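Enquirer: sequence and predicted structure are below.
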Amino acid sequence: MKACKIWLVALIGACCATAYAGDRLLATGGVTTIEGAGGSGLVPWATITGNGSANQIGGVAFATRVQLPSQYRLDVAGAAVGLYDRVELSAARWTFGLADTVPGKSIEMKVFGAKLKVAGDAVYDQDRWMPQISVGAQYKINDDEGLVKSLGAKSNRGLDLYATATKVWLGGLAGRNVIGTFTSRLTNANQFGLVGFGGPARDTHLLKLEGSVGVMLRDDLVLGAEFRHKPNNLVTDDGANQALREDTAKDVYLAWFPCRGGSITAAWVSMGNVVTKPSQNGWYLSGQLNY
């Protein structure tokens, strides 16, 4: 609760930021994913984080909490910078509390990301079918090498590569703007990397699909949903390690952009099976400050 109050005070202060001619449309830069990239909660968008236009540098600082019914809790904090609406660089730190599975123990992970806009414009290419397209990479380092290898992972480090396409349809649904994203990701991460990378089933990267769609109920309010498929590296063909199976992650979110200075996102999130705990459906809360 104290952390929420701090974010609200900071957001109110950030709302003094001034908008200028040529600035990007509110909300079209998205919020911040749990891995630090600009997008929605689970899925990176092709847009570049922050408010910076083609001749500006912008960025964000963010904090996120995901609370699951098993008392598992994920806290993420980080920052990202957008360079001239072309390049995005990000860093995030994960702390995942293992509750009664390993009392008093947390898994720590670092994520370093980069994204490059390669074609199109999500907003202003309204006379073309082509979306904005970006490519990105996320390098993840799990600090608990001994733990993840004891659960069957091959490594505590991994690299995700992705390509993502985002399109904004102005007035696309009953006069309201619609934001859609489709992402394909090459990954060998187990539970996003919380249980390491690779496993007894495979150690190669698999192509997995992700998607996000949002409707701007108002200029400052986006209601959306998303999904993210994950590989199943730890469960072997004979059914061993079923307690560590992977399920598709999905959520329904509401993002509020009270001003150009930041946003608050709340969501219901379904993570499926998480580190031996099935049916993990919980809540997600994230605050972001823009500059």
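Expert: Received the coordinates, thanks. From a predicted model like this one, the values you see are computed outputs, not experimental measurements. Numbers count the residues shown, from 1 in each chain.

Enquirer: could you pull out the strands for the chain?
Expert: Secondary structure of the chain (DSSP state E): strands located at 31-32, 38-39, 57-67, 73-83, 87-97, 106-119, 132-142, 157-173, 176-187, 206-218, 221-228, 249-259, 262-270, 281-290.

Enquirer: for this protein, which spans come out with low pLDDT?
Expert: For the chain, applying pLDDT under 70 flags the ranges 1-24, 239-240.

Enquirer: next, count neighbours for the spatially closest residue to Gly39 that is not a sequence neighbour.
Expert: Distance criterion C-beta to C-beta, 6 or more residues apart in numbering; nearest residue to Gly39, sequence neighbours excluded, is Trp45 at 4.0 Å. Quick note: C-beta positions are derived from backbone N, CA and C, even for glycine. When neighbours are defined as other C-beta atoms under 10 Å, Trp45 has 28 of them.

Enquirer: repeat that for the one 3 residues further on.
Expert: Number of residues near Ile48 (other C-beta under 10 Å) recorded here: 30.

Enquirer: ok, it - contacts?
Expert: Listed by C-beta atoms under 8 Å, 6 or more residues apart in numbering, the contact set of Ile48 reads Gly29, Gly38, Gly82, Leu83, Asp85, Arg86, Val87, Glu88, Lys115, Lys117, Ser134.

Enquirer: cool, and Pro231?
Expert: Contacts of Pro231 (C-beta under 8 Å, 6+ apart): Thr187, Asn188, Ala189, Asn190, Arg202, Leu206, Lys208, Glu246.

Enquirer: rerun that using 6 Å as the cut-off
Expert: Counting by C-beta atoms under 6 Å, 6 or more residues apart in numbering, Pro231 touches Leu206.

Enquirer: for Ile48, see how far away it is.
Expert: 27 Å (C-beta to C-beta, to the nearest Å).

Enquirer: for the residue sitting nearest the centre point of the chain, what are its contacts?
Expert: Residue closest to the mean C-alpha point of the chain, counted by C-alpha atoms, centre = their mean, is Thr33 at 1.9 Å. Contacts of Thr33 were listed using C-beta under 6 Å, 6+ apart, and they are Gly39, Pro44.

Enquirer: kindly report the same for Val135.
Expert: Applying C-beta under 6 Å, 6+ apart, we find Val135 in contact with Leu116, Ala163.

Enquirer: tell me which residues form a beta bridge with it?
Expert: Val135 has these beta-bridge partners by DSSP bridges: Leu116, Ala163.

Enquirer: measure it to Arg128 for me?
Expert: Relative to Arg128, and taking C-beta to C-beta, Val135 is found at 20 Å.

Enquirer: one more: Thr183?
Expert: Following C-beta to C-beta, the distance that separates Thr183 from Arg128 is 20 Å.

Enquirer: what about the two, which has more around it?
Expert: Between Thr183 and Arg128, Thr183 has the larger neighbour count (other C-beta under 10 Å), namely 25 against 10.

Enquirer: count the residues that sit near Ala249.
Expert: 23.

Enquirer: should've said Thr276
Expert: Quick note: Thr276 (other C-beta under 10 Å) scores 15 neighbours.

Enquirer: leaving out the residues flanking it, which one is nearest to it?
Expert: Excluding the flanking residues, the one nearest Thr276 by C-beta to C-beta, 6+ apart is Ala243, at 4.4 Å.

Enquirer: and that neighbour, how many residues sit next to it?
Expert: So Ala243, with other C-beta under 10 Å, has 13 neighbours.

Enquirer: if I pick the residue nearest to Gly39, what's in contact with it?
Expert: Here Trp45 is in contact with Gly30, Gly38, Gly39, Thr166, Thr181 (C-beta under 6 Å, 6+ apart).

Enquirer: now it: how far from Asn281?
Expert: Computed with C-beta to C-beta, the distance linking Trp45 and Asn281 is 24 Å.

Enquirer: fine by me, we can end here.
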